[in-house]
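Trainee: sequence first, predicted model second:
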There are 2 protein chains.
Amino acid sequence: MATYAVSNAQKLAPADNTFCDLPPAVADAVEQLALTTTYPTGVVLFAEGQAPRGVFIVRRGRVKLSICGSDGRTLILRLVEAGCPLGVAAVVSGRQYEATAETQEPSEISFLRHSDLLRLMRLHGELALWVTQHISQDYASTCREIRDLILSDSASEKLARLLVGWLDQNTKSKNPSQVKLALTHEEIGQMIGSSRETVSRLFAGFKKQRLIQQSGSTLVIPNRVALESLITA
Amino acid sequence: MATYAVSNAQKLAPADNTFCDLPPAVADAVEQLALTTTYPTGVVLFAEGQAPRGVFIVRRGRVKLSICGSDGRTLILRLVEAGCPLGVAAVVSGRQYEATAETQEPSEISFLRHSDLLRLMRLHGELALWVTQHISQDYASTCREIRDLILSDSASEKLARLLVGWLDQNTKSKNPSQVKLALTHEEIGQMIGSSRETVSRLFAGFKKQRLIQQSGSTLVIPNRVALESLITA
DNA sequence: AGCGATGTGTGATCTCCATCACCAGTCTGC
DNA sequence: GCAGACTGGTGATGGAGATCACACATCGCT
C-alpha cells in the first residue's frame, strides 16, 4: 500500500494515505458515488491525452502509469498500488490525463466521476485536502523521477536505484532482502529509460558481481550496501 | 536581505495580475499577510531538500527552478514568471522543497508563511482550489518535461522543442518570430539535459541550416515550421 | 590600459548504450 | 505433440554526445 516512485532511493511510502484515513462520513460519501469494478490484466483505464472523465482509486491489484513518446517508446512513471487515486490532477485541473493507466494484474478499482469528485471536494474540505496532498506527492515523485533518470548517466546506476527502491518497500516484510520480480526486462527498461538488452546485460553483470541472486521470479539482494555504492558513482 | 530598486522591468508591471482569478476578498487576505520583497539576480529563495517555510509568489521578474543530481549536474525544470506561486506542493504536503528556486533576474517576490497559507486555505475554499490547480499544472508540466527529455533521443530535437516553446510564449508580442535569449548556453544545456558544447554546436548547425539567426541576444526564427519538423523526427 | 571572470566556438577522443541479429527457453492453445 | 508468442541471453556494430583541450571573445573592474 504505497505509491512508489520508480527508480529512486528514498521511497516515501505515504503513511496511510488510503481512502481510509478520511473521516468515515467522507469515505462513505465517496463510497456511495463510486463504482467499483474488477478488471483483468491489461485494461487501459485512461490514456494520455484523453479528457478526464473522473478519478480511479485502486482498491486491489496494481496499475502501471506510463507516458509515451512521439517515437512510440514508453516510459513507466510508476506502479500504483492499492489505496492510491489515479488521474486526480487531470480532473481538478480540467486538462487531459497526463499519462496512461493500465492494469498490470487483475485489479479492483473504483471510479468516481469528474463532477462527483468536484462536488464532494466542495462539500468536504478533508477530501479536498486529501486530493491536494496526493497530487503533491505525485508531483514530488515525478520530480525525483526526473532527477534520477536525467541526472545520472549510467544505466547501471538507474537499475541499482530501482532495486534499492524495491527493497525499501519490503522493509516490513518477513524477508527484507528479497524482491519479487513482477516485471519483464522490457518493462524494467521502460522504468529506467533503457533497452531490454541493456537490462539483461546489467542483470548478468550484477549477478557476476554477486550483487544479486535470482531464483525464479525472486531476486535476493544479499548486500544492499554494495548495490547502493553504485548509485552515487 | 538587501532590497534593490532596479530600473529593469517597470514596463510590464501588471499590478494585480497575480491573484486576478481569485475573489477580491481572498486576494486581499493574501495580500495582508504576504511580505513582498525585491531581490537581485542569483538569490536562492529555497533549496531542494529544505523544509518548507512557505510559498513564494513571483510578482515581477523571473525565477529559475532546478534540481541537482548527485554528481553535481543541474537540470532546470522551468523558468517561473510573474503570477506563479513557488513551493506550494512542498508546503501542502509538508515535505521538503522538491527543487531549488533562484532569481534569474531582479525580481519582486511575495512570501507567505507556511502556516498562513494553510490557514487561509482553510478559510477560503477558492484559495485551496487555486493552490490545487497550480500544483496540478506543475505536475502536468513536469510530466511533459519527462516525456520530452527522456523519450526523445536527439539533443537537436530537444533544443528545437525548447525554441518552439519560447516562440509560443511570444505569440502576443509585437514580433512573434523573435526570442530574447536570456540564458547562457550552459543554462540551455541544463534545460535540455545536454552539455554546453553540444548546445553551442547545435546552434551553429541551426544557423547553417537557416533555422535561426542571431543578432546579439536576439534570436530570430524565420521559419518556425522547419524547426518543428525536427521535433517529430 | 591590463586583469580576471565568464561566455563561446570547435577540434579530437572515447565511452556507453541503442540497435540489429540470432538463438534458446517457456508457456500458451490447439 | 507442435506451432507460435513471448521472454531472456549475448555478440557485433555504430553513433550520438560527453568530455578534454584549447583559442578567442567580451565584459567589468582597479
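Mentor: Perfect, thanks for sending it. Because the structure is a prediction, the values reported are computed rather than measured.
Trainee: how about the residues of chain A by DNA strand C?
Mentor: A:153, A:154, A:155, A:156, A:193, A:194, A:195, A:197, A:198 (Cβ under 7 Å from any atom of the strand). Every residue, glycine included, has its C-beta placed from N, CA and C.
Trainee: min pLDDT across those residues, which one?
Mentor: Ranked by pLDDT, those bottom out at residue A:153, which has 76.
Trainee: now that residue. Nearest residue, chain neighbours left out?
Mentor: residue B:71 (7.8 Å; Cβ to Cβ, 6 or more residues apart in numbering or on different chains).
Trainee: same question, residue A:106
Mentor: Per Cβ to Cβ, 6+ apart, closest to residue A:106 is residue A:40, 5.4 Å.
Trainee: just checking, that neighbour touches residue A:104?
Mentor: No. Residue A:40 is not in contact with residue A:104 according to Cβ atoms under 8 Å; the separation is 10.9 Å.
Trainee: who has more neighbours out of the two?
Mentor: Neighbour count, other Cβ atoms under 10 Å in any protein chain shown: between residue A:40 and residue A:104, residue A:104 has more, with 21 against 10.
Trainee: what is the neighbour count of the residue nearest to residue A:153?
Mentor: 11.
Trainee: now do the SS call for it.
Mentor: Under DSSP: H, G, I helix; E, B strand; the rest coil, residue B:71 falls in the coil class.
Trainee: backbone phi and psi for it, please?
Mentor: phi -80, psi 0 (degrees, to the nearest 10).
Trainee: before we move on, what about the one 3 residues further on?
Mentor: The phi and psi values for residue B:74, taken as degrees, to the nearest 10, are phi -120, psi 140.
Trainee: dump the residue contacts of it.
Mentor: Neighbouring residues of residue B:74 by Cβ atoms under 8 Å, 6 or more residues apart in numbering or on different chains: A:151, B:66, B:67, B:68, B:190.
Trainee: also residue A:125?
Mentor: B:122, B:125, B:128.
Trainee: switch those residues over to TSV; also include pLDDT.
Mentor: As requested, those are exported to TSV (pLDDT from 0 to 100):
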residue	pLDDT
B:122	88
B:125	85
B:128	89
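Trainee: closest to DNA strand D among those residues?
Mentor: residue B:128 (41.0 Å; Cβ to the nearest atom of the strand).
Trainee: got any ranges where chain A has weak pLDDT?
Mentor: A:1-21, A:233 (pLDDT under 70).
Trainee: domain parsing of it, as residue ranges.
Mentor: A:3-150, A:155-232 (automatic domain parsing).
Trainee: what about the shortest one, distance to the chain center?
Mentor: Think domain A:155-232. Centroid displacement of domain A:155-232 relative to its chain, using Cα atoms, centre = their mean, to the nearest Å, is 16 Å.
Trainee: output stretch A:153-160 in PDB, but only the C-alpha positions, please.
Mentor: Extracted C-alpha coordinates of stretch A:153-160, given in PDB (Å, rounded to 0.1, in the frame of the first residue of the first chain):
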ATOM      1  CA  ASP A 153      24.300   8.900 -16.600                       C
ATOM      2  CA  SER A 154      24.800   5.200 -16.300                       C
ATOM      3  CA  ALA A 155      22.100   2.700 -16.800                       C
ATOM      4  CA  SER A 156      23.600   0.500 -14.000                       C
ATOM      5  CA  GLU A 157      23.100   3.400 -11.600                       C
ATOM      6  CA  LYS A 158      19.500   3.700 -12.500                       C
ATOM      7  CA  LEU A 159      18.900   0.000 -12.200                       C
ATOM      8  CA  ALA A 160      20.600  -0.100  -8.800                       C
END
